[in-house]
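K.L.:
based on what follows, work out the 3D shape:
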Amino acid sequence: MPPKASTSAAASSGAEEPTHWLMKAEPDTRIVKGKDVKFSIDDFEEMGTTPWDGVRNHEAKKIMKEKMKIGHQVLFYHSNTKVPGVYGLGEVTKEGYPDPSAFDSSHPYFDPKSNKDSPTWYLVDVTFKSRVAHPVTLALLKSIAAASSVASLPELGLGDWFGEEELNLIKSLPLINRGRLSVQPVQSKAAFDVVVKLGETGGWPVQEPKKGKGKGKAAASKGKGDDEDADEKETKGKVGGKKRRVEETEKEEVDEVEGTRKSARKG
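P.N.:
Numbering: from 1, shown residues only. Modelled structure (predicted):
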């Protein structure tokens, strides 16, 4: 029997489809059609398994419909919040099927152009696995990615395990290079594992949210701890007694509105 090609060789040649993903959710309250569309790591843990509903971007929809498979691993990411970053881990437990929220006229992300006979939007089910002990913030990842070498990162306290290979994996994350997409691949298991290990080990200075300026609740809800939210308008959360979703607006060569996902709180 011929030897199997190594995973790293297959990944570097681009022969294998991604099996690891990053999925964004919006943890802060936002009311749409009278329903709170937030979805935080607390909500994810409480629900256990949730349909990733409400995505209204065709690229993200295609990923869920065609590429995400049972057993694929997920980084759960807080978006459009003061301290965006990876807060937990999940696993795909049901493959792509039509998103019922698109057919529900009372749902915040109802799409009158989608119909059950020829659905436009698809989703997957994702099951909570664990929180990360130390949230891996976008600010941290960007600080790492901006470094020319590991030697220039001592102040981050990443530990002896973090070397040039790990640095290059972080630099190559789609989150760093094309951050706006709400459902996106992590380029390899190795890159996924580096993010997970960062979340396990910690050691870097705690990054506090920046204080917002302005009055009352509006200032609190719109405060930004990172430039991610200045670049992208993402939203995700929960819906009534249903599940969550996020809506994000992408500005590239052509403006595109994406629903990233959201979920619904009980009660």
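K.L.:
point out where the protein drops to low pLDDT.
P.N.:
By pLDDT under 70, the low-scoring segments of the chain are 1-15, 206-267.
K.L.:
rerun at 80
P.N.:
With pLDDT under 80 as the threshold, the chain has low-confidence stretches at 1-15, 154-155, 179, 203-267.
K.L.:
is it correct that L175 is in contact with L22?
P.N.:
Yes. Between L175 and L22 a contact is recorded at 5.9 Å, counting by Cβ atoms under 8 Å. From N, CA and C alone the C-beta is placed, and that goes for glycine too.
K.L.:
what's the overlap in contacts for those two?
P.N.:
Residues touching both L175 and L22 (Cβ atoms under 8 Å, 6 or more residues apart in numbering): 77, 184.
K.L.:
what about those two, which has more around it?
P.N.:
L175 (26 against 21; other Cβ atoms under 10 Å).
K.L.:
for that one, grab phi and psi.
P.N.:
phi -60, psi -40 (degrees, to the nearest 10).
K.L.:
got a list of what it touches?
P.N.:
Taking Cβ under 8 Å, 6+ apart, we find L175 in contact with 22, 77, 138, 141, 184.
K.L.:
check F128 too.
P.N.:
Contacts of F128 (Cβ under 8 Å, 6+ apart): 44-45, 47-49, 76, 88, 90.
K.L.:
for it, give its distance to T120.
P.N.:
28 Å (Cβ to Cβ, to the nearest Å).
K.L.:
so which residues of the chain form strands?
P.N.:
All strands of the chain, identified by DSSP state E, fall at 20-25, 31-32, 35-36, 49-51, 73-78, 85-98, 122-137, 183-185, 236-238, 244-251, 255-259.
K.L.:
now render those strands as a markdown table, adding distance to K61.
P.N.:
A markdown table is the format used below for those (distance: least, Cβ to Cβ, whole Å):
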| stretch | distance to K61 |
| --- | --- |
| strand 20-25 | 13 |
| strand 31-32 | 19 |
| strand 35-36 | 22 |
| strand 49-51 | 13 |
| strand 73-78 | 16 |
| strand 85-98 | 9 |
| strand 122-137 | 5 |
| strand 183-185 | 8 |
| strand 236-238 | 15 |
| strand 244-251 | 12 |
| strand 255-259 | 9 |
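K.L.:
looking at those strands, spot the one closest to G157.
P.N.:
Of all the strands of the chain, strand 122-137 sits nearest to G157, with 11.2 Å by Cβ to Cβ.
K.L.:
got the contacts of L175 as TSV, with distance to H58 columns?
P.N.:
Output for the contacts of L175, formatted as TSV (distance: Cβ to Cβ, whole Å):
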residue	distance to H58
L22	18
Y77	20
L138	25
L141	26
Q184	14
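K.L.:
just the residues you listed now: which is nearest G203?
P.N.:
Among the contacts of L175, L141 lies closest to G203 (Cβ to Cβ), at 14.7 Å.
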